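Asker: for reference, the sequence and a predicted model appear below.
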Amino acid sequence: MSQHEPPTYDAPWTGGPSADTTTDGGGEPTHSRPWYRKKRYLVPTGVVALLLAIGAVSQGDEPAAPPAAEATGRVEPSATADPGAEEADAAAEAEERKAEEAAAEEAEKSERLAAEEAERLEAEEAERLAAEEAERLEAEQAAAEEAERVAAEEAAAAGTVSQQNAQRSAESYLDYSAFSRSGLIDQLEYEGFSTEDATWAVEHVTVSWKEQAQRSAESYLDYSAFSHSGLVDQLEYEGFSTEHATWAVDNVTVDWNEQAARSAESYLEYSAFSRSGLIDQLIYEGYSREQAQYGVSQTGL
């Protein structure tokens, strides 16, 4: 919109130039501009108008202040609120609180179960480690005991100097004569070895006691006559077991009839016998009746 300039009026003459009139060079008065055309009035007025316009724009950009209900975040119920709506709101709030409590309880339960599971796993791991450690210690102890046992056996097998000497003597005796186990121990003790050393020596020689019994049986038959049972008794007397003595006598090469004849001749050399009496004597020595009769017949009775 265009602005209309106000009309101008000539000031009344007062007989001389006024403060707002000037004279030109010819002395003629000239009228000055109106006040609103003068710069000293126009510039301040424009500045004030500009400031007023800026303030109006700033007020137009600012949001309006929220209502009191929006500022507090909740709407105050009016005195005329519906009771049913209030009950529904209260029930909803109660249900929400109940759900929150249930969720909290469930979370607490889950945490408790997780902690219990962690404790159980930790206990199982500790138990497993303890079992492994116990097994390791047991294996180490068993290995140490086995090593100690082997070392003791090796030391025992080597024997003391005295035991080694007793073993050498036992082997020497077995080279030229037959001995039972107990007979060889007795011989070593007779030589001055202790019972412990003699026993250790005999236990560590390489020998078959059955063969020793057989050698003894053959040696006895070389210088004397024996019946089968009489020779078994003699070997048992020398310290051989019944098993070894019987095996030896069963395995010697001998004619028991000839042994009966030799025995009959031996009896007749230092005593007189009738035929029946000599037969009875031979039977008493362990010969069978047939062997005794054969032996006595060989003497001429």
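Answerer: Looks like it came in fine.
Asker: from now on I want contacts and neighbour counts done on CA atoms only, so please keep to that.
Answerer: OK.
Asker: below-threshold pLDDT in the stretch 1-150 of the chain: ranges please.
Answerer: By pLDDT under 70, the low-scoring segments of the stretch 1-150 of the chain are 1-81.
Asker: same thing but 50
Answerer: When residues are selected by pLDDT under 50, those of the stretch 1-150 of the chain lie in 1-4, 9-19, 21-30, 68-71.
Asker: the stretch 201-301 of the chain: helices as residue ranges?
Answerer: Remark: helices assigned in the stretch 201-301 of the chain by DSSP state H, counting those that start in this stretch are 209-223, 228-237, 242-250, 256-270, 275-284, 289-299.
Asker: share the number of residues neighbouring residue 292, please.
Answerer: Neighbour count for residue 292, taken as other C-alpha atoms under 10 Å: 30.
Asker: from residue 284, how far off is it?
Answerer: 10 Å (C-alpha to C-alpha, to the nearest Å).
Asker: next up, the contacts around residue 265.
Answerer: Residue 265 is in contact with residue 299, counting by C-alpha atoms under 8 Å, 6 or more residues apart in numbering.
Asker: got the helices of the stretch 201-301 of the chain as TSV, with distance to residue 133 and mean pLDDT columns?
Answerer: Output for these, formatted as TSV (distance: least, C-alpha to C-alpha, whole Å; pLDDT from 0 to 100):
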stretch	distance to residue 133	mean pLDDT
helix 209-223	51	95
helix 228-237	58	96
helix 242-250	53	96
helix 256-270	73	94
helix 275-284	75	95
helix 289-299	78	94
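Asker: longest helix of this protein?
Answerer: helix 83-158 (DSSP state H).
Asker: extract the CA atoms of the very next helix or strand once past it and return them as PDB.
Answerer: Sequence order places helix 161-176 as the next helix or strand after helix 83-158, per DSSP states H and E. This file holds the C-alpha atoms of helix 161-176, laid out as PDB (Å, rounded to 0.1, in the frame of the first residue of the first chain):
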ATOM      1  CA  VAL A 161      79.200-111.800  49.400                       C
ATOM      2  CA  SER A 162      78.600-114.700  51.900                       C
ATOM      3  CA  GLN A 163      75.500-115.800  50.000                       C
ATOM      4  CA  GLN A 164      77.400-115.800  46.700                       C
ATOM      5  CA  ASN A 165      80.100-117.900  48.200                       C
ATOM      6  CA  ALA A 166      77.500-120.300  49.600                       C
ATOM      7  CA  GLN A 167      76.000-120.600  46.100                       C
ATOM      8  CA  ARG A 168      79.400-121.400  44.600                       C
ATOM      9  CA  SER A 169      79.900-124.200  47.200                       C
ATOM     10  CA  ALA A 170      76.500-125.600  46.500                       C
ATOM     11  CA  GLU A 171      77.200-125.800  42.700                       C
ATOM     12  CA  SER A 172      80.500-127.400  43.400                       C
ATOM     13  CA  TYR A 173      78.900-130.100  45.600                       C
ATOM     14  CA  LEU A 174      76.300-130.800  42.900                       C
ATOM     15  CA  ASP A 175      79.100-131.300  40.300                       C
ATOM     16  CA  TYR A 176      80.300-134.500  41.900                       C
END
